[in-house]
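> Below are the sequence and a predicted model; questions follow.
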Amino acid sequence: MNVWRYQTRERLEIDAPVEHVYEVASDPKVVPSYAPEVARIDVLERLGEGRVLVRSHLKIARLTFAFLYRYHYRSPTHYSGVQEKGALLRGYFTLTFSPRGDRTIVS
């Protein structure tokens, strides 16, 4: 069976300390302001240290669909999520935060 993968990679340098960048970037209320494909994120359940179950409302071809995701937080260096029970499609993302002096590299 062939698995098709769609992947994008970006790297951005931000003029702010890593702790501040991580705090803003991993806030579910703020994500839609920098990720245009995300309409909103509803936190459903805190699963333990650094793990949260959410419903992500994603914009796909002018429609909005809700998907369950399990988010993982490791402050201030990693923030990721994987879609729960994706039948045909299964989404995931990973953001890493690396300090560079008073600046932060996000990839």
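Sure thing, it's come through. Numbering: from 1, shown residues only.
> rest of the way, CA atoms for contacts and neighbours
Will do.
> Is there a neighbour count for the closest residue to A16 other than its chain neighbours? I'd like the number.
Leaving aside its sequence neighbours, A16 sits nearest to R103 (Cα to Cα, 6 or more residues apart in numbering; 4.8 Å). R103 is flanked by 15 other residues according to other Cα atoms under 10 Å.
> now swap in E37 and tell me
Counted with other Cα under 10 Å, E37 comes out at 16.
> contacting residues around the nearest residue to it once chain neighbours are set aside?
With sequence-adjacent residues excluded and distances taken as Cα to Cα, 6+ apart, E37 is closest to K59, at 5.0 Å. Contact analysis of K59 by Cα atoms under 8 Å, 6 or more residues apart in numbering lists 36-39, 65.
> With E19 instead?
75-76.
> measure it to G81 for me?
19 Å (Cα to Cα, to the nearest Å).
> before we move on, what about V31?
13 Å.
> go on, R9?
Counting by Cα to Cα, the gap from R9 to G81 is 15 Å.
> Among these two, which residue is more densely surrounded?
Counted by other Cα under 10 Å, R9 and G81 do not tie: G81 has more neighbours, with 20 against 7.
> element containing the more buried one?
strand 78-83 (DSSP states H and E).
> Phi first, then psi, for R70.
With angles defined as degrees, to the nearest 10, R70 sits at phi -110, psi 110.
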